[in-house]
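Student: Predicted model and sequence below, questions to follow.
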Amino acid sequence: MHSLKNWRNSLRTGKRPGGKHPCRKASFPVQKNVQYILQQMTPDNKPIPMADMNHLTGLSGLSADSITGLLDTAAGFKQTLRSPNASFSPTLKNRRIALVFFENSTRTRFSFEIAARNLGAGTLGFSAASSSVSKGETLSDTIKNLEAMQVDAFVLRHPSSGSAKLISRITPKPVINAGDGSNEHPTQALLDMFTLREHFGSLKGLKVTIIGDVLHSRVARSNIYGLLRAGAEVGLCGPVTLIPPDAEKLGVRLFTDLDRAIAWADTAIVLRLQLERASGTYLPSLEEYSRHYGLTDERLERTGKHLLVLHPGPINREIEISNHVADRIQPPGYSKSMLLEQVTNGIAIRMAVLETLLGGTP
Ligand code: MLT
């Protein structure tokens, strides 16, 4: 059993406590999602080249060339976005893109909307609470009905892991996963990789540590697949209860000591503690989590490390990241925050994804 005492011991010794991992216990509320992920934790063997890409349900199935292609396309858009009167050719004119969001979102939803509009497409907003889903309509019926209204593509966010793949099997229209449960969030990982590549020049050999609630994080999973495929090294750091038990199999390094993870890394992706997915039940207390895994100035100063810091947002201030680290856009200091740059890069990445999947197909 992962008792509190074992958990505390594991922090001291760095060893995984004995007994079953909590996500294998039937009583945990996220069990269904997490089990799906454990079955999916090996990237697809035959990665899809960009030319054959019909959907973007995850990065586990993408080839290194497809990833590079998307990052390169985004780099072109970013250049234009930087110019004062940015204007783009309306390559997606007369296309309708449905933003089907069953979970809340600020960054992802707005950025898909801006990306679509930049390319001349129209967007249709959808929220589960005000749709027929509240009357019991199934996800597939909802999608089929939108398809019958000549929607050209679906951007789907859903609390169930695997939902984007499921939908991609029932519609011929492109499906873009905007986050499915704890499974994948491919456009977030692409924008993280874009941000890192822009800063460091290349992803090859880059040491990226992903800190925190890896177990529930779709952002972590997509980043692991994408970064490894692009030649980066990935370290995962967190309490053993929040690291998927089979994670080693992916070829990542595991750390339970944050100082060591920082000493090893060139950059850190800090994850939000997913309290809505019951992450708190895996921890003795938020205060203790923050003490051991919160990224603060004091910790960076102590390890003498200058770190480029990313976070997908939204942030739990002073839990996984301190205000100073989150807000330090301009060094001096031991960290450089990329949080807002990531948001801007999200538009370029989502434009690249929409253009790649929809451009040229009437
Ligand atoms: C997500 O939707 O997964 C976000 O981008 C990250 C988070 O919610 O922690």
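Tutor: Nice, I can see it.
Student: Sketch out the low-pLDDT regions of this structure for me.
Tutor: Residue ranges of the chain with pLDDT under 70: 1-51, 360-362.
Student: Up against the ligand, what does it have?
Tutor: 179, 185, 188, 218-219, 272, 312 (CB under 6 Å from any ligand atom). From N, CA and C alone the C-beta is placed, and that goes for glycine too.
Student: Around the closest residue to the ligand within the stretch 151-300 of the chain, count how many other residues there are.
Tutor: Residue nearest to the ligand within the stretch 151-300 of the chain: Arg272 (3.4 Å; CB to the nearest ligand atom). Residues lying near Arg272 (other CB atoms under 10 Å) number 21.
Student: Tell me who's in contact with it.
Tutor: Residues near Arg272 by CB atoms under 8 Å, 6 or more residues apart in numbering: 212-213, 217, 311-316, 320.
Student: 10 Å instead, please
Tutor: 212-213, 216-217, 219, 279, 311-316, 319-321 (CB atoms under 10 Å, 6 or more residues apart in numbering).
Student: Mark which of those residues are part of helices, please.
Tutor: Those of those mapping onto helices are Val219, per DSSP state H.
Student: now, which of the contacts of Arg272 sits nearest Arg328?
Tutor: Closest to Arg328 out of the contacts of Arg272 is Ile321 (10.6 Å), distances taken as CB to CB.
Student: The closest one contacts Leu295, doesn't it?
Tutor: Yes - here Ile321 reaches Leu295: they are 5.0 Å apart, a contact under CB atoms under 10 Å.
Student: More neighbours: those two, which one.
Tutor: Ile321 (28 against 23).
Student: give me the beta-bridge partners of the more buried one?
Tutor: When bridges are called by DSSP bridges, Ile321 pairs up with Leu295, Arg317.
Student: What distance do you get for it to Arg82?
Tutor: 27 Å (CB to CB, to the nearest Å).
Student: sorry, back to before: report the set of residues contacting both of Ile321 and Leu295.
Tutor: Common neighbours of Ile321 and Leu295 (CB under 10 Å, 6+ apart) are 211-212, 268, 270, 309, 311, 335.
Student: ok, the spatially most central residue of the chain - contacts?
Tutor: In the chain, the residue lying closest to the centroid (CA atoms, centre = their mean) is Val219, at 2.0 Å. Neighbouring residues of Val219 by CB under 10 Å, 6+ apart: 179, 182, 184-186, 188-189, 192, 210, 213, 269, 271-272, 274, 310-313.
Student: what's the answer for Glu113, then?
Tutor: 97, 99, 121, 123, 125, 155, 347, 350.
Student: Give me the three-state assignment for the nearest residue in space to Lys305 that is not next to it in sequence.
Tutor: The shortest distance from Lys305 to any non-neighbouring residue, by CB to CB, 6 or more residues apart in numbering, is to Ile262 (5.1 Å). Secondary structure, DSSP: H, G, I helix; E, B strand; the rest coil: Ile262 is helix.
Student: Would you agree Ile262 is in contact with Cys237?
Tutor: Yes - contact criterion CB under 10 Å: Ile262 and Cys237 qualify, at 8.3 Å.
Student: if you count what's nearby, which of the two comes out ahead?
Tutor: Higher neighbour count among Ile262 and Cys237: Cys237, with 27 against 23, using other CB under 10 Å.
Student: Next, the contact list for the more buried one, please.
Tutor: 209-212, 214, 243, 253-262, 264-265, 268, 270-271, 293.
Student: Now do the buried residues in whichever strand or helix holds Ile143.
Tutor: For Ile143, the host element (DSSP states H and E) is helix 139-148. Using 16 or more other CB atoms under 10 Å as the test for burial, helix 139-148 gives 139, 142-143, 146-147.
Student: With stretch 224-235 instead?
Tutor: 224-230, 232-235.
Student: and what of stretch 287-307?
Tutor: Buried, per 16+ other CB under 10 Å, within stretch 287-307: 289-290, 292-296, 299-300, 303, 305, 307.
Student: could I get the residues you listed as TSV with distance to Glu113?
Tutor: As requested, the buried residues of stretch 287-307 are exported to TSV (distance: CB to CB, whole Å):
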residue	distance to Glu113
Tyr289	34
Ser290	34
His292	38
Tyr293	34
Gly294	33
Leu295	31
Thr296	35
Arg299	37
Leu300	36
Thr303	40
Lys305	38
Leu307	32
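Student: which pair in those residues spans the largest distance?
Tutor: For those, the maximum inter-member distance is 20.8 Å, found between Tyr289 and Lys305 (CB to CB).
Student: of all the buried residues of stretch 224-235, which two lie farthest apart?
Tutor: Once CB to CB is applied, the buried residues of stretch 224-235 give Arg229 and Gly235 as the farthest pair, at 16.4 Å.
Student: His216 and Leu242 touch, don't they?
Tutor: Yes - applying CB under 10 Å as the test, His216 and Leu242 come out as touching, 7.5 Å apart.
Student: Of these two, give the one with the bigger neighbour count.
Tutor: Between His216 and Leu242, counting by other CB under 10 Å, His216 is the more crowded of the two (28 against 25).
Student: how near is that one to Gln150?
Tutor: 36 Å.
Student: Out of the contacts of Cys237, which end up buried?
Tutor: 209-212, 214, 243, 253-256, 258, 260-262, 265, 268, 270-271, 293.
Student: Please narrow those residues to those residing in strands.
Tutor: 209-211, 253-255, 268, 270 (DSSP state E).
Student: that older thread, any shared contact partners between His216 and Leu242?
Tutor: 23, 271, 273-274, 279, 282.
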